[in-house]
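Q: Okay, predicted coordinates and the sequence, questions at the end:
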There are 2 protein chains.
Amino acid sequence: MRALRLTDKDTGPTIVEIPKPSFDATHAVIRLSASALNRRDVWIKRGQYPGIRYPITLGSDGCGTVEATSAQNVHWVGRRVVLYPGFNWGPNPRVQSDAYRILGLPDDGTFADYIRMPIDSLFAAPQHLNDQEAAALPLAGLTAWRAVKTKGCIQHGMKVLITGIGGGVAQMAALFSFHHGARITVTSSDSSKLDRATFAHHGVRYTDENWWRQLQGVEPGGYDVIIDSAGGSGFGHLVRLLAPGGRLVFFGGTQGKWPEILPQHLFYKQVEILATTMGSPDEFNDMIQYVGEHTLHPPVAQCFPLADGAAAFDYLEGGQQYGKVVLTH
Amino acid sequence: MRALRLTDKDTGPTIVEIPKPSFDATHAVIRLSASALNRRDVWIKRGQYPGIRYPITLGSDGCGTVEATSAQNVHWVGRRVVLYPGFNWGPNPRVQSDAYRILGLPDDGTFADYIRMPIDSLFAAPQHLNDQEAAALPLAGLTAWRAVKTKGCIQHGMKVLITGIGGGVAQMAALFSFHHGARITVTSSDSSKLDRATFAHHGVRYTDENWWRQLQGVEPGGYDVIIDSAGGSGFGHLVRLLAPGGRLVFFGGTQGKWPEILPQHLFYKQVEILATTMGSPDEFNDMIQYVGEHTLHPPVAQCFPLADGAAAFDYLEGGQQYGKVVLTH
């Protein structure tokens, strides 16, 4: 079968022929019809991720049809599924176990014709989504769901700020927040991305010198929830933009270290700074159900054939997309 | 009646004669038998607190006997009470309202022979406490209770780190944590205070060069909850000392700004940084009940007569005490 693989640190993602995986008592083989790129795949491609091994088939997101599994799981055969994008969350809903692994490193991922997955990682794909949209959903949807629901506790009428609206998680977080009745403000460096965020009450370019004053002007009472993956020097302004009792949920830090922060600015307001990443299988199930019930469509920016995977990586790294970059198999 | 007052920025706390307050339909007059100092009183005395007005009777903590109130509240008369140390928490359990005021500025506080308080600020003093202990309880007990219960969610078996164990809130937090079955590590600059923290599993001097390595050695798996009021450069080490899913609860920042922090060190561990201050009347009630049921004794370092209040301030500012500094009226 074909797989888009990294064979060493210096060669980019390349299509190679590898053996097709096989099922066993607790695993199924899925014929993948679409997969999607995440920022994580780019970090791994660049050699900037812990625990890289070669060769590795990348990809955390996939949609496909169950081709074969054991007799007791045969009812899965022929069903269109999306894949929970990790293994071994463990028993604690607050945090993954030490044994947790994200799909696509160290285990071979979804950028291939077939994948072998545990039966309990299979979830029926929402019927209203085509394969490309369904493939765009898992990692970004899961991360966004946990940020919005479990950590942010976003409810109707809340004022929510989502930074870097070009990102896949940010867009899903905005979609979930909007459908929960929140009033949403977004930021981007790119005015055209602000224009595309039609669900947002307001958009601010974070490259403007006075971006945080603009955000203050939009919601003078502050934001009940802020969802951020940038970190960096702007984070010091974000914590000041929280409303009393507000929550700042972060799942990344592409801009690096937070600046020095004066605790006196925070404790009287009783604000919370909440780290999040990924989510549990239970959260994944809740997210998939919600997407189905509300017929939500994850935004897809562009589709590439699996064979052109290297071009898909280049496109994602270019940073011009609005939505997920998808591979069709 | 006598009151220990600040009359201007430059004169220290001075005993003056002022009119005794009177009750009305919703307020009672309480004959105070003891009160206690908090760090807040020192900041106000030094002119380093927002919204200072003169003259002001300081004091957030008090124990006394209800002397007089309106006919419909007459059942309170003669009862020994402690006072909820604030006004107007409001309807949101997550955060106090904009109208919230801590007792003792801008409203006249407890360093006086009598005080006028709303009926719903009165709580029966735990019977096992003498007046001095009861006066030591309100602000520190409330702040610690919210930090331990509402924010820290401390439960049996958790590993808990409490910094600066010389402080009144830290001591109450340690007492509550201990009675919840937590395994407690404490820090202080003063070895004799570590020795006095007999409930602690381990103590570390934060003035040691390698203090955070010592703390790492005590709990190699990290701390489930850290309670801190220092902030400053050490805060960067504290966040690294959290266990996966851990909570860092902070209610102050005597050492100033947190250092720059790399978000990548935090989000995979799903940790939370939670600001807290004071607590609601419901939390106060829960705390008072808990203290009564478990016959807990807040540590009292030293008692001074109200007339020697200036000396009590000097003593507190000297920083050598272990426990609350109490005034007897």
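A: Received, thanks.
Q: chain center to the strand or helix carrying A:Gly217, what's the gap?
A: In this assignment (DSSP states H and E), A:Gly217 forms part of helix A:211-218. For helix A:211-218, the distance between its averaged C-alpha position and the chain's averaged C-alpha position is 27 Å (CA atoms, centre = their mean, to the nearest Å).
Q: can you pull the buried residues of it?
A: Using 16 or more other CB atoms under 10 Å in any protein chain shown as the burial criterion, the residues of helix A:211-218 that qualify are A:211-212, A:214-216, A:218. C-beta: built from backbone N, CA, C; applies to glycine.
Q: With stretch A:261-277 instead?
A: Counting neighbours by 16+ other CB under 10 Å, stretch A:261-277 gives A:261, A:263, A:265-277 as buried.
Q: And the closest residue to A:Met1 other than its chain neighbours, how close does it get to chain B?
A: Spatially, and ignoring its direct neighbours in sequence, A:Met1 is nearest to A:Asp113 (3.9 Å; CB to CB, 6 or more residues apart in numbering or on different chains). Noted for A:Asp113: a distance of 31 Å to chain B, by CB to the nearest CB, to the nearest Å.
Q: State whether A:Asp113 and A:Val16 are indeed in contact, as I suppose.
A: No - with contact defined as CB atoms under 8 Å, A:Asp113 and A:Val16 do not form a contacting pair (11.6 Å).
Q: shared neighbours, those two?
A: When contacts are counted by CB atoms under 8 Å, 6 or more residues apart in numbering or on different chains, A:Asp113 and A:Val16 are jointly contacted by A:2-3.
Q: what's the following helix or strand after the helix holding A:Gly217?
A: Following helix A:211-218 in sequence order, the next helix or strand is strand A:223-228 (DSSP H and E).
Q: Assign a three-state SS to the residue positioned nearest the centre of chain A, would you?
A: Taking CA atoms, centre = their mean, the centroid of chain A lies closest to A:Ala140, which sits 1.8 Å from it. Local secondary structure at A:Ala140 is given as helix here, using DSSP: H, G, I helix; E, B strand; the rest coil.
Q: So what's the residue count around the nearest residue in space to A:Gln320 that is not next to it in sequence?
A: Setting aside the residues directly before and after it, A:Gln320 is nearest to A:Asp190 in space (CB to CB, 6+ apart), at 7.9 Å. Other residues near A:Asp190 come to 17 when the count uses other CB atoms under 10 Å in any protein chain shown.
Q: give the contact list for A:Asp190.
A: Under the criterion of CB under 8 Å, 6+ apart, the neighbours of A:Asp190 are A:166, A:205, A:320.
Q: re the thing from before, quick one: which of the buried residues of stretch A:261-277 sit in helices?
A: Within the buried residues of stretch A:261-277, residues falling in helices by DSSP state H are A:265-267.
Q: Could you list which of those also contact chain B?
A: Residues shared between these and the neighbourhood of chain B are A:266-267 [CB under 8 Å from any CB of the partner chain].
Q: Tell me how far the nearest residue to A:His294 once chain neighbours are set aside lies from A:Thr143.
A: Nearest non-adjacent residue to A:His294, counting by CB to CB, 6+ apart: A:His179, 5.3 Å away. Distance of A:His179 to A:Thr143, given as CB to CB, to the nearest Å: 17 Å.
Q: Quick one: residues in contact with the host helix or strand of A:Lys193.
A: Per DSSP H and E: A:Lys193 is located in helix A:191-196. Contacting residues not belonging to helix A:191-196 are listed as A:165-166, A:186-188, A:200, A:203-205, A:322 [CB under 8 Å, 6+ apart].
Q: for stretch A:95-105, same thing?
A: A:40-41, A:44, A:49, A:51-53, A:56-60, A:83-91, A:107, A:109-111, A:139, A:278, A:280, B:244-245, B:269-270.
Q: Could you pull out the buried residues of that stretch?
A: Buried, per 16+ other CB under 10 Å, within stretch A:95-105: A:95-96, A:100, A:102-105.
Q: Grab the CA positions of that stretch and hand them over as PDB.
A: Coordinates of each C-alpha in stretch A:95-105 appear next as PDB, following Å, rounded to 0.1, in the frame of the first residue of the first chain:
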ATOM      1  CA  VAL A  95      -5.200  14.500  32.200                       C
ATOM      2  CA  GLN A  96      -3.900  11.800  29.900                       C
ATOM      3  CA  SER A  97      -1.800   8.900  31.300                       C
ATOM      4  CA  ASP A  98       2.000   8.700  31.000                       C
ATOM      5  CA  ALA A  99       1.300   6.000  28.300                       C
ATOM      6  CA  TYR A 100      -0.700   8.400  26.100                       C
ATOM      7  CA  ARG A 101       0.400   8.600  22.500                       C
ATOM      8  CA  ILE A 102      -1.000  10.900  19.700                       C
ATOM      9  CA  LEU A 103      -1.700   9.000  16.500                       C
ATOM     10  CA  GLY A 104       1.000   9.500  13.900                       C
ATOM     11  CA  LEU A 105       4.100   9.300  16.100                       C
END
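Q: from the buried residues of stretch A:261-277, which is closest to chain B?
A: Distances from the buried residues of stretch A:261-277 to chain B were compared by CB to the nearest CB; the smallest belongs to A:Pro263, at 3.2 Å.
Q: so that closest one touches B:Gly252, yeah?
A: Yes - counting by CB under 8 Å, a contact exists between A:Pro263 and B:Gly252, whose distance comes to 6.9 Å.
Q: list residues touching both of these two?
A: Listed contacts common to A:Pro263 and B:Gly252 are B:Gly231; contacts here mean CB under 8 Å, 6+ apart.
Q: quick one: secondary structure of A:Asp120?
A: helix.
Q: so how far is chain B from the nearest residue to it once chain neighbours are set aside?
A: Spatially, and ignoring its direct neighbours in sequence, A:Asp120 is nearest to A:Pro281 (7.0 Å; CB to CB, 6+ apart). Applying CB to the nearest CB, the value for A:Pro281 to chain B is 16 Å.
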